[in-house]
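Colleague: Fold the following and give me the result.
(2 chains)
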Amino acid sequence: MTVKYTKDHEWIRVEGDTATVGVSDYAQHQLGDVVFVELPDVGRTLAQGKEAAVVESVKAASEVFAPASGEVTEVNADLEGEPAKVNSGAETDGWFFRMRLSNPAELDGLMDAAAYKDYVEGLQ
Amino acid sequence: MRYLPLTEADRHAMLAAVGVSSVEDLFRDVPSAARRSGPVEGLPNHAGELEVERQLAAMAGRNIPAGSVPSFLGAGAYRHHVPATVDHMVQRGEFLTAYTPYQPEISQGTLQVLFEFQTQVALLTGMDVANASMYDGATACAEAVMMANRITRRKKAVLSGGLHPHYRDTTKTDAHFIGFDVVAMPAAPKGGEDLMAQVDADTACVVVQNPDVFGHVRDYTALARMCQAKGALLIVVVTEALSLGLLTPPGEMGADIVAAEGQSLGNALSFGGPYVGLFAVKEKYVRQMPGRLCGQTVDADGRRGFVLTLSTREQHIRREKATSNICTNAGLCALAFSIHLSLLGEEGFTNLARLNHAKAVQLADRLSGVKGVEVLNDAFFNEFTVTLPRDAAEVVEELAKRRILGGVPASRLFAGELPEHLILAATETNTDSDMDALTKALAEVL
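Modeller: Next comes the predicted model:
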């Protein structure tokens, strides 16, 4: 199991040929209280770097981009009623969707946890 | 806000800052053939105020204002009696504003009015949520189609032949520049069109009107179900808001979005604008709704207050991903709408609607007694279509010479098609003698 991060603050956790996607703890801090999450339809084909979901906080609405290409297999329906889960558990309960990867090699271009930590520190 | 005109020195300073020597230089990129220098031919240079007033008044005198003669004009804009109270109320300093304010929460009175307006629109249309208004019915229709495209992630709209052609054209303009497909059905003065035959897997919505542009009253319940089965949304357009006092609201028929013109309440004909677009949706679609939305909340001390809500849909936050480029509303017209409707009350509104229908029935009865005139409609509200034995546009011109505004020839709306069809409206403003005059004049000119 590996977790990788994007420069746009999404994380992706790979288990076999499926992966779980969410936004990082840093991202949820920046957004503030999350009030709504728009998730992709199951079955939708996502391309790496393209818009996959929308997260809306009291301050702003932002796109969530697909960290890798593939097909959406499951979405976190809990977020519909409890979008605040993104704040309380951005990298655990607050996951957005699961996908079947079509090109796992794409993950090589992403950051691991240590590299992402350095990247975020560089932003502050 | 102070408005300070520029001095010559200001202009020179600005021109120097951008590095050009004259204002003319700023237009260098426009080909000289397309630029006019010197005075406009035939346009007199200067005239005194009194002289200008006299000249313009003489030109205006060549119009026939709908309020000064028997008028049966409708087709999307309706003459109604607006009580003097409305005009008095909208001009109060606490209310008088054209838009939603830019520092909204300080203007609690304005927000409260818009909140009441939204509530009225939602109740009238039978929908869950209404916004704080759009520019007019036609732009509301186009925005509804774009909203359906976003929700369904499809990009084809099927427009009924009973949709007002101005609404169709406004939608087509957006389609051309934004890039979606429009299938506009041919004019259907007798109905009977098969809209579902046009609906495929790429169809985002079907747009119908009630009563339609020919005045037919329709039940779209079955159509709503068929659209749902195909994953397309049903958009219902209403051009005569007063009809909602008598007819089943679109929400009860299963409409997903309602786009309507609110001019009939509180607003004068006024040469076609400014008017006020009504826009209402099912709650599950609210985040894809265009326009401003006022919400009711409580402050830190638990007192009721009003705010602009779900602003994250809007352009100042969402930028190019906003649901619409509308960052405002038709504030003053919406205010007039709400005040008029509040003065009428539910019973008064229903009674006014009944009176309109009764007037139209009376007119239809009178006209069907004129030789050669045939009423097309089985059911109508305050407007219906007749066929004449000769060109309706010519007949309307001859009626105008007799100082009667005898309806809208369909050919004017449908680019020359349906030359013998005439669309007539009757409202509470039409008297028996208006109808006598029309019936008599029509018998003469036919």
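Colleague: need the residues of chain B near chain A, please.
Modeller: Selection of chain B residues close to chain A by Cβ under 8 Å from any Cβ of the partner chain yields B:Arg287, B:Thr312, B:Arg313, B:Ile317, B:Arg318, B:Lys321. C-betas here are computed from N, CA, C, even on glycine.
Colleague: backbone phi and psi for the nearest residue to the second one once chain neighbours are set aside, please?
Modeller: So the one you mean is B:Thr312. Nearest residue to B:Thr312, sequence neighbours excluded (Cβ to Cβ, 6 or more residues apart in numbering or on different chains): A:Ala61, at 4.0 Å. A:Ala61 adopts backbone torsions of phi -120, psi 130, taken as degrees, to the nearest 10.
Colleague: Which strand residues bridge A:Ala61?
Modeller: With DSSP bridges as the criterion, A:Ala61 is bridged to A:Glu56.
Colleague: my read: it touches A:Glu51, true?
Modeller: No. The criterion here is Cβ atoms under 8 Å, and A:Ala61 misses it with A:Glu51 at 11.9 Å.
Colleague: What's the mean pLDDT across stretch B:365-380?
Modeller: Taken as a whole, stretch B:365-380 has an average pLDDT of 96.
Colleague: picking that back up, closest to chain A out of the residues of chain B next to chain A?
Modeller: Chain A lies nearest to B:Thr312 out of the residues of chain B next to chain A, by Cβ to the nearest Cβ, at 4.0 Å.
Colleague: How about the contacts made by that closest one?
Modeller: A:Glu56, A:Ala60, A:Ala61, B:Arg318 (Cβ atoms under 8 Å, 6 or more residues apart in numbering or on different chains).
Colleague: what about the second one, distance to B:Met196?
Modeller: Put plainly, it is A:Ala60. Using Cβ to Cβ, to the nearest Å, A:Ala60 is found at 41 Å from B:Met196.
Colleague: got the residues of chain A near chain B?
Modeller: Residues of chain A lying near chain B (Cβ under 8 Å from any Cβ): A:Phe36, A:Glu38, A:Glu56, A:Ala60, A:Ala61, A:Glu63.
Colleague: And the fourth one, how close does it get to A:Gly32?
Modeller: Yep, that's A:Ala60 we're talking about. From A:Ala60 to A:Gly32 the distance is 8 Å (Cβ to Cβ).
Colleague: The chain: strands as residue ranges?
Modeller: Went with chain A since none was named. A:2-5, A:10-15, A:18-23, A:34-38, A:45-46, A:51-57, A:61-65, A:70-75, A:97-101 (DSSP state E).
Colleague: Chain B, not that one
Modeller: B:129-130, B:156-159, B:181-184, B:203-209, B:233-238, B:257-261, B:277-281, B:294-298, B:304-308, B:374-375, B:383-387, B:408-409, B:421-425.
Colleague: Check the offset of the fifth one from the chain's centre.
Modeller: With Cα atoms, centre = their mean, to the nearest Å as the basis, the distance from the averaged C-alpha position of strand B:233-238 to the chain average is 14 Å.
Colleague: Outside of that strand itself, list whatever touches it.
Modeller: Contacts for strand B:233-238 (Cβ under 8 Å, 6+ apart): B:125, B:137, B:141, B:144-145, B:148, B:151-152, B:163-164, B:167, B:204-210, B:220, B:223-224, B:227-228, B:244, B:250, B:253-261, B:278.
Colleague: Can you pull up the most central residue in chain B?
Modeller: B:Gly137 (3.1 Å; Cα atoms, centre = their mean).
Colleague: Looks like that residue contacts B:Glu261 (just checking).
Modeller: Yes. With contacts counted by Cβ under 8 Å, B:Gly137 reaches B:Glu261, the gap being 2.9 Å.
Colleague: hey, what's in contact with both of those two?
Modeller: Counting by Cβ under 8 Å, 6+ apart, the residues touching both B:Gly137 and B:Glu261 are B:Gly76, B:Val238, B:Thr239, B:Tyr275, B:Gly277, B:Leu278.
Colleague: Nearest to B:Glu24 among these?
Modeller: B:Tyr275 (38.5 Å; Cβ to Cβ).
Colleague: Distance check, the closest one against chain A.
Modeller: Applying Cβ to the nearest Cβ, to the nearest Å, the value for B:Tyr275 to chain A is 31 Å.
Colleague: Return the residues in contact with that residue.
Modeller: B:Ala77, B:Tyr135, B:Asp136, B:Gly137, B:Glu261, B:Gly262, B:Gln263, B:Asn267, B:Ala330, B:Cys333.
Colleague: switch the cut-off to 7 Å
Modeller: Contact partners of B:Tyr275, counting by Cβ atoms under 7 Å, 6 or more residues apart in numbering or on different chains, are B:Asp136, B:Gly137, B:Glu261, B:Gln263, B:Asn267, B:Cys333.
Colleague: okay, those in JSON lines with pLDDT and distance to A:Ala90 next?
Modeller: Formatted as JSON lines, those follow (pLDDT from 0 to 100; distance: Cβ to Cβ, whole Å):
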{"residue": "B:Asp136", "pLDDT": "97", "distance to A:Ala90": "44"}
{"residue": "B:Gly137", "pLDDT": "98", "distance to A:Ala90": "44"}
{"residue": "B:Glu261", "pLDDT": "98", "distance to A:Ala90": "46"}
{"residue": "B:Gln263", "pLDDT": "98", "distance to A:Ala90": "49"}
{"residue": "B:Asn267", "pLDDT": "97", "distance to A:Ala90": "50"}
{"residue": "B:Cys333", "pLDDT": "96", "distance to A:Ala90": "45"}
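Colleague: Please name the bridge partners of B:Leu278.
Modeller: B:Ala260.
Colleague: give me the number of residues near it?
Modeller: For B:Leu278, the count of nearby residues is 31 (other Cβ atoms under 10 Å in any protein chain shown).
Colleague: Test my guess that it contacts B:Gln120.
Modeller: No. Using Cβ atoms under 7 Å, B:Leu278 is not in contact with B:Gln120, being 9.2 Å away.
Colleague: picking up where we left off before, most tightly surrounded among the strands of chain A?
Modeller: strand A:18-23 (a mean of 23; mean count of other Cβ atoms under 10 Å in any protein chain shown).
Colleague: can you give me the end-to-end distance of stretch A:19-37?
Modeller: Using Cα to Cα, to the nearest Å, one end of stretch A:19-37 lies 19 Å from the other.
Colleague: now do stretch B:178-190
Modeller: Note: stretch B:178-190 ends 33 Å apart using Cα to Cα.
Colleague: swap in stretch B:90-101?
Modeller: 16 Å.
Colleague: What residues sit buried inside it?
Modeller: Judged by neighbour count using 16 or more other Cβ atoms under 10 Å in any protein chain shown, the buried positions of stretch B:90-101 are B:Val90, B:Phe95, B:Thr97, B:Thr100.
Colleague: Sort out for me which of those are in helices.
Modeller: B:Val90 (DSSP state H).
Colleague: and which of the buried residues of stretch B:90-101 is nearest to chain A?
Modeller: Among those, and counting by Cβ to the nearest Cβ, the member closest to chain A is B:Thr100, at 19.4 Å.
Colleague: Pick out the residue closest to the middle of chain A.
Modeller: Central residue of chain A (Cα atoms, centre = their mean): A:Gly22, at 2.5 Å.
Colleague: Can you report how many residues neighbour B:Ala66?
Modeller: Going by other Cβ under 10 Å, the residues that sit close to B:Ala66 add up to 17.
Colleague: Mind pulling the model confidence for it?
Modeller: Taking B:Ala66 on its own, its pLDDT is 91.
Colleague: what does A:Met1 give?
Modeller: 67.
Colleague: And B:Arg2, by the same measure?
Modeller: 64.
Colleague: Please consider this matter closed, and thank you.
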